[in-house]
Each structure stands twice: as C-alpha cells, then as structure tokens.
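In: Everything below, folded, please.
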Amino acid sequence: MAHSLGLQKGLIGVVNAYAAEGYRATNNIVIAHELMHTVGASDKYDLSTGQPIYPYGFAKPDNHYEQTKAEIMAGRVPLNERESVMPKSLRYSIIGNKTAREIAWVANHD
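Out: Modelled structure (predicted):
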C-alpha cells in the first residue's frame, strides 16, 4: 500500500487507510500522525528502518526499551534496537515533549 503523508505547507494530509473494521485502531494512529505533520510535527523514526529514534521517538525515554506506549510521531512502540510494534490504539500513543514543542502545545525553551 502507498505511504501516507502530511504536509505543513498547505495543511494537507493524505492517508492510505484500510476499509476493514479491524483496521480502525491502526488507521486512527496513522491519521493522527499525519495530522500532526500539518501543524509542524516532525517524524521521530528512522526513515530507513522504521525504528523509533532515541530519545525523541520514545514515549518515556528514561525507560529505554521498557515502553508500553508509542510517541505518535514515531508511530511504533520500540521493543529493542531492531524491533518495534504498532500500538494497539491511540490510547497507547502519546505526544512527546519535542513534538508538543513543535506544534506549540508547550513553550519552546531551546
């Protein structure tokens, strides 16, 4: 299936979603991720491997690979350096500090 994308300029998001009911949770994660791009969020995963990038792609960076949630812009829960899984639903996704700064939900102190 073709990739989904979100563009900040023009506030455009294109999501390639699955029509089957069983994909609703996954589709919602992809939709939220692409929507976040339209308001300034950057990807937090390695484009060549799909693995979340430490520390910004981890929901709780201090927990290293003991993660129960995904950072929405990483889109996956990191299990180890080479493996990650899609969260079960948006309930298992968070907006990390860097993403929150990028979309101006919190003050930028950089």
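In: I'd like the mean pLDDT over the helix or strand containing residue 29, please.
Out: Element membership for residue 29 (DSSP states H and E) is helix 24-38. The average of the pLDDT scores along helix 24-38 is 91.
In: next one: that helix to chain centre, how far?
Out: Centroid separation between helix 24-38 and its chain, computed with C-alpha atoms, centre = their mean, to the nearest Å, is 8 Å.
In: packing partners for it?
Out: strand 5-7, strand 12-14 (3 or more C-beta pairs under 8 Å, 6 or more residues apart in numbering; DSSP states H and E). The C-beta positions use only the backbone N, C-alpha and C, and glycine is treated the same way.
In: among those, which gets the worst mean confidence?
Out: Checking each of these, the one with the poorest mean pLDDT is strand 5-7, at a mean of 58.
In: pLDDT weak spots in the chain?
Out: 1-13, 109-110 (pLDDT under 70).
In: can you pull out the strands in it?
Out: Using DSSP state E, the strands of the chain run over 5-7, 12-14, 70-71, 77-78, 84-85, 93-94.
In: wouldn't residue 75 be in contact with residue 33 here?
Out: Yes. Shown here, residue 75 and residue 33 form a contact pair, counting by C-beta atoms under 8 Å, at 5.4 Å.
In: and the helix holding residue 29, which residues are buried?
Out: 26-38 (16 or more other C-beta atoms under 10 Å).
In: With distance to residue 52 as new columns, can those be given to me in JSON lines?
Out: Shown next, in JSON lines, are the buried residues of helix 24-38 (distance: C-beta to C-beta, whole Å):
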{"residue": "26", "distance to residue 52": "17"}
{"residue": "27", "distance to residue 52": "20"}
{"residue": "28", "distance to residue 52": "19"}
{"residue": "29", "distance to residue 52": "13"}
{"residue": "30", "distance to residue 52": "15"}
{"residue": "31", "distance to residue 52": "19"}
{"residue": "32", "distance to residue 52": "16"}
{"residue": "33", "distance to residue 52": "12"}
{"residue": "34", "distance to residue 52": "17"}
{"residue": "35", "distance to residue 52": "19"}
{"residue": "36", "distance to residue 52": "15"}
{"residue": "37", "distance to residue 52": "16"}
{"residue": "38", "distance to residue 52": "21"}
